[in-house]
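K.L.:
here's my sequence, what's the structure:
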Amino acid sequence: MPFQAIETHELMARFAEGQHQGLYLIKQAMDNVKLVNLGPEGKELHMTKYLPAKRVYELFSQEELAAYTKEESRPVDREIDLFRVLGPDDAVELSRMVYRVYGYTYSVRDYVYYPDRLAENLYNQNLTSLVAQNRLGEVMAHCGLIAPEDRSCIGEIGLGLVIPNFRGGNLLKQMTDKLLELALERGLKGLYIESVTNHVLSQKSANRDGFRDCAFCFGALPEDFAMKQMEEGVLSQRGTLSVSYRSLEDNPGQNAFLPSHHAEVIRKIYANLGVARNFDGLPTYYERRKISRFIVKTYPQMKAAWIRILNYGKDIFETIRDRLRELQRDRMEAIILDLPMESTQTVSMCRIFEDMGFFFSGVIPDHLDGDTLRLTYLGAIDFAFDRIELYSEFAKELRDYCALCHSKVLKN
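P.N.:
Purely as a prediction, here's the structure:
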C-alpha cells in the first residue's frame, strides 16, 4: 500500500494537525507492525492483529504451572523409547512445559505462551517440536527447529529443555542429532544456537554437539530474565546470548568482504567455525543504490531491537541514524545491527556505524542472503563484559575483543 513512513516521535504532533492519521491508527490498532524498506521496489508494511486468545497461565492453576522439581526417591527410566514430532493438538501441553521451565521469559517468540498461536506455528512448521519419551510414555525432553526468517538460509535450534528427573542421560545431544537430519532434508545451509551466558551449561552442550562460537547478542535480555529451572535468579545486568553455528554445506567460493580493522578476528572466527570463504573475490555489484533496503524489528518487552540491512543505498547513513534515534526514544536499550558481508560497502560503512556508537559483535554465516557482520549499540547503559560467563576459550577471546571495541566507542 502506498504510504510515507514517519518516525514515532512525530506521529502524535502530526496526528493532532490531521496528518498521517492512517499510520498512527495502524500502530495503535495492530499487535505488530514491521516496516520492510525494499528500496526502488517500494515498501512493505506487515501488520499483525491477533484474535483474543488466552495465555497458558490463564488455562492452568499456579500449582499446575509450578517449576519442575527433581523427585530423588523415584526410580527413573532415561532410555529413549521414541522421538515424537508434536502437532497442533499438543500445543497446550507444550506451552505448559515451556512455562514450567522458562517462566514467562521467552520473549523473542512469545507465541509459545499462547496455545492457539503455538498450534498455528506447529501446523505451518515455523516451529518443529521434537520430544523424547521413555517406555512409560513420559516426556523427558524437548528441542525445537525454528524455521529461517527474513531471507535467511539457516535455522535455529531452540527451546531445548530437559525435565529435571531425566537430566544426565545426554538427551539433548540425541535430539539435536535428529534435528540436524531434518535440517539437511530441508536444504538448510546451517544451524545456530543462542545460549544464555549467566551459566555455561547450554554453551557446553552446544559445543559438544559440534556448534562453534561466532557472535553475541550483547544486552539482548532484560535484567529480570530468569529461568524457573535454574537457581541463579535474575541477572545482575542486561543479559547476553552467545551465538554458535554449525555449517551443513560447504561454499568456499562465497564472498565475504572484511573491514580491514576487524579482518584478523573475522578470519579467526571463520577458522574456528571450519567455514571457508573467499575474502578476495570480485563484488557482485558495484553501484550503490539510491534507496537502502532494510528490516527493523522491535521487542518492547525486552527493550531490544534488530536492524538488518539488505542492500546499501545512498541514504544509508541518514536512514540508520534516524532509526537509531527513534529506537532510543522508544527506550530500546540494546540495538543489534546486521550488515551484509557480500557487499563491499560493509568494508567502509562499518567504521561509519562505529562512529555512531555501534561496536563489533561477531559474524554469523548465511544469516541473510550471505554472511552477516554483527554490530551492537548499548548506548549509556552500564555493562560489564567480565560478567558474561562463557565455556570455550575462543568465546572468551572473542568477548574480550568485543569489549575492547566497546571501550573504544565509549571514548569517541
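
K.L.:
helices along the chain, start to end?
P.N.:
Counting by DSSP state H, the chain has helices at residues 8-16, 21-29, 91-102, 115-123, 171-185, 201-208, 263-273, 316-329, 345-356, 393-411.

K.L.:
columns distance to residue 54 and mean pLDDT on top of the ones you listed, output as JSON lines?
P.N.:
All C-beta atoms are positioned from the backbone trio N, CA, C, and that covers glycine. What follows is these, written out as JSON lines (distance: least, C-beta to C-beta, whole Å; pLDDT from 0 to 100):
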{"stretch": "helix 8-16", "distance to residue 54": "30", "mean pLDDT": "45"}
{"stretch": "helix 21-29", "distance to residue 54": "21", "mean pLDDT": "56"}
{"stretch": "helix 91-102", "distance to residue 54": "10", "mean pLDDT": "92"}
{"stretch": "helix 115-123", "distance to residue 54": "8", "mean pLDDT": "94"}
{"stretch": "helix 171-185", "distance to residue 54": "29", "mean pLDDT": "93"}
{"stretch": "helix 201-208", "distance to residue 54": "30", "mean pLDDT": "92"}
{"stretch": "helix 263-273", "distance to residue 54": "43", "mean pLDDT": "97"}
{"stretch": "helix 316-329", "distance to residue 54": "31", "mean pLDDT": "92"}
{"stretch": "helix 345-356", "distance to residue 54": "42", "mean pLDDT": "96"}
{"stretch": "helix 393-411", "distance to residue 54": "40", "mean pLDDT": "96"}
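
K.L.:
out of the ones you listed, nearest to residue 374?
P.N.:
Nearest of the helices of the chain to residue 374, taken as C-beta to C-beta: helix 393-411 at 9.6 Å.

K.L.:
for the stretch 251-400 of the chain, give me the ranges with low pLDDT.
P.N.:
282-289 (pLDDT under 70).

K.L.:
now do residue 120 against residue 53, distance only.
P.N.:
Using C-beta to C-beta, to the nearest Å, residue 120 is found at 10 Å from residue 53.

K.L.:
I meant residue 164, not that one.
P.N.:
30 Å.

K.L.:
check contacts around the residue nearest to residue 174 when sequence neighbours are not counted.
P.N.:
Excluding the flanking residues, the one nearest residue 174 by C-beta to C-beta, 6 or more residues apart in numbering is residue 80, at 6.4 Å. If a contact means C-beta atoms under 8 Å, 6 or more residues apart in numbering, then residue 80 has 132-134, 140, 169, 171, 174 as its contacts.

K.L.:
what's the ChimeraX line that selects buried ones from the residues you listed?
P.N.:
Command for ChimeraX, covering only those of the contacts of residue 80 found buried under the criterion 16 or more other C-beta atoms under 10 Å:
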select :132,134,140,169,171
